[in-house]
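Novice: need a 3D model of the following:
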Amino acid sequence: MIDKQILELKKLWANKRQLTFQLLNLAMIVFSALMIWKGLMFMTKSESPVVVVLSGSMEPAFQRGDILFLNNSVEKVFVGDVVVFKIKDRDIPIVHRILKVHEKDDGRVELLTKGDNNRVDDRCGIMNVHSNNNIIFVPRPSRRGLYAPGQLWLEREDILGKAVGTLRYVGMVTIALNDYPVLKYVLVGMMGLFVLTSKEG
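Specialist: Numbers count the residues shown, from 1 in each chain. Sure, this is the predicted structure:
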C-alpha cells in the first residue's frame, strides 16, 4: 500500500497540473474546516466552542475523553451549570460546575467552581475566617487551588462557555495525540498524502 502511494506521488510530481489541482483540494479541505470552526465561534460566542475533558474531576457527569459543546451566548450563569473557564497564565481550560454565584451591586458577577469528583472547591488554598461578621480570606500554604495566586473568584469574562452537549469518549483520540505528539504528525502526514494521491473519478 505504501509503495502504491509513493508511486502515485512520483506520477503526481511529474504532472504539475494534477499536482496543483490536488494541492488546491487539500487547501480547500483545510479552509473548509477553519470556516466551520469560525462559524461555530461566531454562533456560540465562544473562543473554543468544542473542548475535550482531560481529567476525571467531573466524574461521573463527564468522563475523561468526552467532547463538550459550549455556548457562551447567554450572559447569565447559575449554580449547577457546568462551565469551561480559563485561568490567567494557564493554557488549558478547566471544566467544572458552578458552586456559588455572587452578584455585586455594580452588576459584576463572581463565581466559585468545583469539580464534581473533587473534595474541595477550586480555591481550596483559601480558608474563611470570621472576624467581626466579616469574611477574611487567608491563604492555606498546605493546599493549592486552581485559581491564579491571589484570585478568590472567577469573573464572567473568565468563562469560555456553558456545556450544552456531549459526545462520550470521542475525545480519546485527541488525548492520545496530545500524549504522543509523534502520532499527530504521522496522522496529518498520512491524511495529506492520501488527499494528494487520491484520484477524482
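
Novice: contacting residues around residue 65?
Specialist: Residues in contact with residue 65, defined by C-beta atoms under 8 Å, 6 or more residues apart in numbering, are 52, 53, 168, 169, 170, 171, 172, 175. C-beta here means a position set from N, CA and C on the backbone, and glycine is covered the same way.

Novice: excluding residues flanking it in the chain, which one is nearest it?
Specialist: If you skip the residues right next to it in sequence, residue 65 has residue 172 as its closest partner in space, 3.9 Å away by C-beta to C-beta, 6 or more residues apart in numbering.

Novice: got it, and residue 156?
Specialist: Nearest residue to residue 156 in three dimensions, chain neighbours excluded: residue 109, at 5.0 Å (C-beta to C-beta, 6+ apart).

Novice: just want the most central residue of this protein.
Specialist: When the chain is reduced to its mean C-alpha position, the closest residue under C-alpha atoms, centre = their mean turns out to be residue 51, at 3.2 Å.

Novice: buried subset of the contacts of residue 65?
Specialist: The neighbour count (16 or more other C-beta atoms under 10 Å) marks 52, 53, 171 as buried among the contacts of residue 65.

Novice: and the nearest residue to the last one once chain neighbours are set aside, how far from residue 82?
Specialist: This points to residue 171. Across the structure, with C-beta to C-beta, 6+ apart as the measure, the residue nearest residue 171 apart from its sequence neighbours is residue 52 (3.4 Å). In this structure, residue 52 and residue 82 are separated by 14 Å, where distance is defined by C-beta to C-beta, to the nearest Å.
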